[in-house]
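Asks: My questions are about this predicted structure, shown below with the sequence.
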Amino acid sequence: MKTATDTALLVIGYGNLLREDDAAGPLVAGQVEALRLPGVRTLSCHQLLPEMAEAVAAALAVVFVDAAAGPAGRVRLQPLSADPSAQLMTHAPGPEKLLALAREVCGEAPPAWLLTIPAANFGFADTPTPAVQAGIAEAVHTIAMLAAEWTF
């Protein structure tokens with residue numbers, strides 16, 4: 001049973017900080033961390049790892065944040081569920097598999113969402129494009145709204 005000392009909302013931003021728009025996930029996590037929202041914990045990483053299953057299981061809710069290649073558009077928030085059939089690669093499970101691992105190993109898979117930021121440029125650069133920078137701001141706002149719902 002989860003308690004008030006558990007993480008209410010876990011934000012996991014993943015992507016490559018050296019690949020222009022792909023940095024969106026970690027940059028969102030960094031900006032959310034700087035807000036110091038009560039009950040919110042952030043993880044910033046290059047890719048999702050099986051070792052994160054314990055942190056996922058300990059949270060009341062999880063938001064995975066990533067850049068999504070495709071046409072320009074709005075930031076998209078979609079619900080996720082644990083998918084034990086999702087392919088587990090050696091070191092990089094997807095969000096659904098990480099949720100399934102949390103359930104299998106720790107007995108808990110909290111409500112979760114994938115927050116994607118439309119991205120187009122994945123070249124070598126350490127600054128995202130202006131469109132992705134706007135998407136990052138929108139994603140941080142979305143997470144702040146979710147945090148208000150999941151923290152007490």
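Replies: Received, thanks.
Asks: which residue ends up closest to the midpoint of this protein in space?
Replies: Closest to where the C-alpha atoms of the chain average out (C-alpha atoms, centre = their mean) is Phe64, at 1.9 Å.
Asks: So in that sheet, which strands flank the helix or strand where that one lies, and in what orientation?
Replies: Using DSSP states H and E, the element containing Phe64 is strand 61-69. Using DSSP bridges, strand 61-69 pairs in its sheet with strand 9-14 (parallel), strand 112-119 (parallel).
Asks: Can you name the residues in contact with that strand?
Replies: Residues outside strand 61-69 that contact it (C-beta atoms under 8 Å, 6 or more residues apart in numbering) are 8-15, 21-25, 28-29, 48, 56, 76-77, 80, 95, 98-99, 110-120, 122, 132, 139, 143, 146, 150. For glycine as for every other residue, the C-beta is placed from the backbone atoms N, C-alpha and C.
Asks: How far away from the center of its chain is the helix ranked longest in the chain?
Replies: Ranked by residue count, the top helix of the chain under DSSP state H comes out as helix 130-150. How far helix 130-150 lies from its chain's middle: 11 Å, per C-alpha atoms, centre = their mean, to the nearest Å.
Asks: Stretch 107-118 too?
Replies: Put simply, stretch 107-118 sits 7 Å off its chain's centre (C-alpha atoms, centre = their mean).
Asks: which parts of that stretch are buried?
Replies: Going by neighbour count (16 or more other C-beta atoms under 10 Å), the buried part of stretch 107-118 is 108-110, 112-118.
Asks: out of those residues, which one sits closest to Asp126?
Replies: Comparing those against Asp126 with C-beta to C-beta places Ile117 closest, at 16.7 Å.
Asks: With adjacent residues omitted, what lies nearest to the closest one?
Replies: With sequence-adjacent residues excluded and distances taken as C-beta to C-beta, 6 or more residues apart in numbering, Ile117 is closest to Gly135, at 3.9 Å.
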